[in-house]
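Enquirer: Coordinates only, no sequence provided:
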């Protein structure tokens, strides 16, 4: 019973999350032999001020 947790920055649309869930489910069915009904996926959305990369909050990083 695969349980996938995806942690990402806030801002994805509902349609984007639907597509991600569908594609990840397909991969697990095809590559791991998992039953579609047994797969669960959770999305954890993190605000930019609560996520850091390379020691810098994402909210503080300059866009290039």
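Expert: All right, it came through fine. The model shown is predicted, which means the values in this text are computed figures rather than measured ones.
Enquirer: Grab the nearest non-local neighbour of residue 20.
Expert: Nearest in space to residue 20, with sequence neighbours left out and distances taken as Cβ to Cβ, 6 or more residues apart in numbering, is residue 6 at 7.0 Å. Any C-beta I mention is one placed from the backbone N, CA and C, and that applies to glycine too.
Enquirer: Contacts only, for residue 28.
Expert: Residue 28 sits next to 2, 4, 34, 39 when contact means Cβ atoms under 8 Å, 6 or more residues apart in numbering.
Enquirer: can you pick the most crowded of the residues you listed?
Expert: Counting neighbours by other Cβ atoms under 10 Å, residue 39 leads the contacts of residue 28 with 19 neighbours.
Enquirer: so it touches residue 23, yeah?
Expert: No - using Cβ atoms under 8 Å, residue 39 is not in contact with residue 23; the gap is 11.8 Å.
Enquirer: Low-confidence regions, the protein specifically.
Expert: 63-64 (pLDDT under 70).
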